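Colleague: My questions concern the predicted model and sequence given below.
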Amino acid sequence: QVQLVESGGGLVQAGGSLRLSCAASGGTISDYGIGWFRQAPGKEREFVAAISRESNSIYENPVRGRFTISRDNAKNVVYLQMTSLKPEDTAVYYCAAERTDYLFVPVAESQDYAYWGQGIQVTVSS
């Protein structure tokens, strides 16, 4: 089964940028739809963005226009480029994978994802 490892998190000032990476091993990432989720302290995990096998993408409203999800199947990596970061973006970010035959449909529901990374902290200071 595929294992996922996030990297690229850290502390950034409001207005800054970070790029998160989700590296896959034990599987070919091109076989999977990938989602990014986040969980802030005291809050439920929420959807951020998802990308289908053929790179169709969807975004939750608070991040649309600021975050960009992309994939590099040759490197077995999915990225989340985050710009214009706000303090409310502070959370632990998780990537998740679902093995699917659907090429064009990104998935926003966490229960559809079978594989999860361990999460990485993103902190945006004001």
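Modeller: Here it is on my side, so go on. This is a predicted model, so every value here is computed, not measured.

Colleague: which residue is nearest the centroid of the chain?
Modeller: Centroid check for the chain by Cα atoms, centre = their mean gives residue 36 as the closest residue, at 2.5 Å.

Colleague: What pLDDT is listed against the nearest residue to it once chain neighbours are set aside?
Modeller: Spatial nearest neighbour of residue 36, excluding adjacent residues (Cβ to Cβ, 6 or more residues apart in numbering): residue 48 at 4.3 Å. Where you see a C-beta, it was placed from the backbone N, CA and C, and this is true even at glycine. With respect to pLDDT, residue 48 has a value of 98.

Colleague: cool, residue 1 as well?
Modeller: pLDDT, residue 1: 87.

Colleague: quick one on the thing from earlier: in which helix or strand would I find the residue nearest to residue 36?
Modeller: Secondary structure from DSSP states H and E places residue 48 in strand 46-51.

Colleague: Which positions within that strand qualify as buried?
Modeller: 47-51 (16 or more other Cβ atoms under 10 Å).

Colleague: helices and strands around it, which ones?
Modeller: Judged by 3 or more Cβ pairs under 8 Å, 6 or more residues apart in numbering; DSSP states H and E, strand 46-51 is in contact with strand 32-39, strand 57-59, strand 67-72, strand 77-82.

Colleague: Direction included, what does that strand pair up with?
Modeller: Paired with strand 46-51 in the same sheet, following DSSP bridges, are strand 32-39 (antiparallel), strand 57-59 (antiparallel).
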